[in-house]
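Undergrad: Just need the structure, nothing else, for what follows:
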Amino acid sequence: MSRDRREGFQCYQVGGCVRDALLGRPVQDRDWVVVGATPEQLTAQGFRPVGRDFPVFLHPETHEEYALARTERKTAPGYHGFAVHAAPDVSLEDDLLRRDLTINAIARDADGTLIDPHGGQRDLAARVLRHVSPAFAEDPVRILRLARFAARFTDFTVAPETLQLMRQMVEAGEVDALVPERVWQEVAKGLMEERPSRLFEVLRDCGALARLMPEVERLWGVPQRADYHPEVDTGIHLLMVLDMAAELQADLPVRYACLTHDLGKGTTPADILPRHLGHEGRSAQLARELGQRLRVPGDCSELADLVAREHGNVHRSTALSPAATVRLLERCDAFRKPERFAQALLACECDVRGRLGLQREPYPQRPALLSALAATRGVDTAAVAAHATAHGLRGPQIAQAIHQARIEALSATLDKKF
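TA: Numbers count the residues shown, from 1 in each chain. Predicted coordinates for the structure are as follows:
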């Protein structure tokens, strides 16, 4: 249903579905705005109300979202302080005016006619992210959304006047009113875009990153040893690691672990730079603090802690003895959580390949450690424990017997290869 005149109201496709169709990108979901209707009229047509903050309904057959045309008025700081007006007298143009970016403020009529009062098609052609009106400044979430769009539409630039407006919003303290859950929601989406580095570049450019994630902001300008990091700057390295994670199609926990793996380098004492002694422990602590503050999900936080602590040891693992390798596997809890260990290895690969000139280099540590885990998981721990118990061993002695059996299994595997 694109337009229904029987009830005296009209429906238009709006927002992302129109934008993506014009860009030739796949359209995932279609959203609609309804002009000239009341909630009662939609309910009578079989639409099911689902909106909490403003009138949104699900179509009885397609289950697509239909929202009543509305206007919004700022009433308090932050993004909750809005008065919403949805009524039959709200026009399509009124509704489009409240939207964030011109490329998201295009509507399509039933006959395919585009309604584009704010030049969205022009900005699509020019590859520009531009705010619709000064009302953009009323909602700090829009800073995060724009940064996320920059990570998705990798050839788009931010209009200078929009970037200036975002800086003014940051200076006014608007981003300080964002609740942790919403920050994480937008950051998580941005991390999963095609080029997540742009999310953080835009947030840095407008000053929002320093307010939302000072642990991450501190990485820029911090030098590293050029023999390990030809790109030198720790912040640049971070961006390269994030984009490598996207290239390798890593899942969200891996990408978040990539974001936090080197946070400790931002707190390295200046007198020992460009070395970063002990940065792993500091990184783990800062990752925990960031995760708690943003209320990051447990799977992301746990992997971030593991990668921060152990990525250096994983990088050095090809030179480890069988005993040291088994200790690494045990510290990583790889025997109980092999899937998480595989994620950690992928994050470590992103770390090494996210360096200037190393993007196409292999990372042999990952397959080698996966093979080591497979060999040591083949140990029948129940049988080892039973044998140890039969010989009077208890508690830690049994654990040591299992540990030794794993070392012997790995040694035997390595002997067969050489």
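Undergrad: quick one: low-confidence parts of the stretch 1-150 of the chain?
TA: Residues of the stretch 1-150 of the chain meeting the criterion pLDDT under 70: 1-8, 53, 73-83.
Undergrad: one more time with 80
TA: 1-8, 51-54, 72-87 (pLDDT under 80).
Undergrad: Would you map the strands across it?
TA: Under the criterion DSSP state E, counting those that start in this stretch, the stretch 1-150 of the chain contains strands at 3-4, 9-14, 31-35, 48-49, 56-58, 65-68, 70-74, 82-86, 107-108, 114-115, 128-129.
Undergrad: Tell me how far the closest residue to residue 354 other than its chain neighbours lies from residue 343.
TA: Spatial nearest neighbour of residue 354, chain neighbours left out: residue 241 (3.2 Å); criterion: CB to CB, 6 or more residues apart in numbering. C-beta: built from backbone N, CA, C; applies to glycine. Residue 241 sits at a distance of 15 Å from residue 343 (criterion: CB to CB, to the nearest Å).
Undergrad: more crowded one of the two?
TA: Neighbour comparison, residue 241 and residue 343: the larger count goes to residue 241, with 25 against 21 (by other CB atoms under 10 Å).
Undergrad: And that one, which helix or strand is it part of?
TA: helix 234-247 (DSSP states H and E).
Undergrad: Give the buried residues for the next helix or strand after that helix.
TA: With elements assigned by DSSP H and E, the helix or strand that comes after helix 234-247 is helix 252-260. Within helix 252-260, the residues that qualify as buried are 252, 253, 254, 255, 256, 257, 258, 259, 260, counting by 16 or more other CB atoms under 10 Å.
Undergrad: from those residues, which single one is nearest residue 332?
TA: Sorting the buried residues of helix 252-260 by distance to residue 332 puts residue 257 at the head of the list, at 12.5 Å, by CB to CB.
Undergrad: May I have the residues that are in contact with residue 290?
TA: Going by CB atoms under 8 Å, 6 or more residues apart in numbering, residue 290 touches 213, 215, 216, 260, 263, 296.
Undergrad: Over to residue 411?
TA: Listed by CB under 8 Å, 6+ apart, the contact partners of residue 411 are residue 322.
Undergrad: Need the three-state assignment for it.
TA: helix (DSSP: H, G, I helix; E, B strand; the rest coil).
Undergrad: on that earlier part again, can you convert the strands of the stretch 1-150 of the chain into a markdown table and add a column each for mean neighbour count and distance to residue 197?
TA: Below are the strands of the stretch 1-150 of the chain laid out as a markdown table (neighbours: other CB atoms under 10 Å; distance: least, CB to CB, whole Å):
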| stretch | mean neighbour count | distance to residue 197 |
| --- | --- | --- |
| strand 3-4 | 15 | 42 |
| strand 9-14 | 22 | 30 |
| strand 31-35 | 22 | 29 |
| strand 48-49 | 12 | 40 |
| strand 56-58 | 21 | 34 |
| strand 65-68 | 21 | 31 |
| strand 70-74 | 16 | 32 |
| strand 82-86 | 15 | 32 |
| strand 107-108 | 22 | 32 |
| strand 114-115 | 15 | 33 |
| strand 128-129 | 21 | 16 |
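Undergrad: will you turn those into a markdown table that also has distance to residue 20?
TA: Listed next are those as a markdown table, based on distance: least, CB to CB, whole Å:
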| stretch | distance to residue 20 |
| --- | --- |
| strand 3-4 | 21 |
| strand 9-14 | 11 |
| strand 31-35 | 11 |
| strand 48-49 | 26 |
| strand 56-58 | 20 |
| strand 65-68 | 16 |
| strand 70-74 | 23 |
| strand 82-86 | 25 |
| strand 107-108 | 12 |
| strand 114-115 | 14 |
| strand 128-129 | 15 |
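Undergrad: Nearest to residue 100 among those would be which one?
TA: Between residue 100 and these, the tightest spacing by CB to CB is seen for strand 128-129, at 9.4 Å.
Undergrad: contact partners of that closest one?
TA: 101, 103, 123, 146, 149, 150, 153, 156, 157, 158, 159, 162.
Undergrad: Just the ones of these in helices?
TA: Of the contacts of strand 128-129, the ones assigned to helices by DSSP state H are 123, 146, 149, 150, 162.
Undergrad: Using CSV, please lay out these together with distance to residue 182 and neighbour count.
TA: Shown next, in CSV, are the ones in helices among the contacts of strand 128-129 (distance: CB to CB, whole Å; neighbours: other CB atoms under 10 Å):
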residue, distance to residue 182, neighbour count
123, 26, 20
146, 14, 26
149, 16, 23
150, 18, 24
162, 20, 23
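Undergrad: right, and the pair among those residues with maximum separation?
TA: Longest span within those, CB to CB: 123 and 150, 13.3 Å.
Undergrad: Show the model's pLDDT score for the nearest residue to residue 225 once chain neighbours are set aside.
TA: Spatially, and ignoring its direct neighbours in sequence, residue 225 is nearest to residue 274 (5.0 Å; CB to CB, 6+ apart). For residue 274, the pLDDT comes out at 96.
Undergrad: Quick one: residues contacting residue 274.
TA: The contact partners of residue 274, taken as CB under 8 Å, 6+ apart, are 223, 224, 225, 226, 232.
Undergrad: picking up where we left off before, quick one: distance of the helix holding residue 241 to the chain centre.
TA: Taking CA atoms, centre = their mean, to the nearest Å, one finds helix 234-247 lying 13 Å from the centre of the chain it belongs to.
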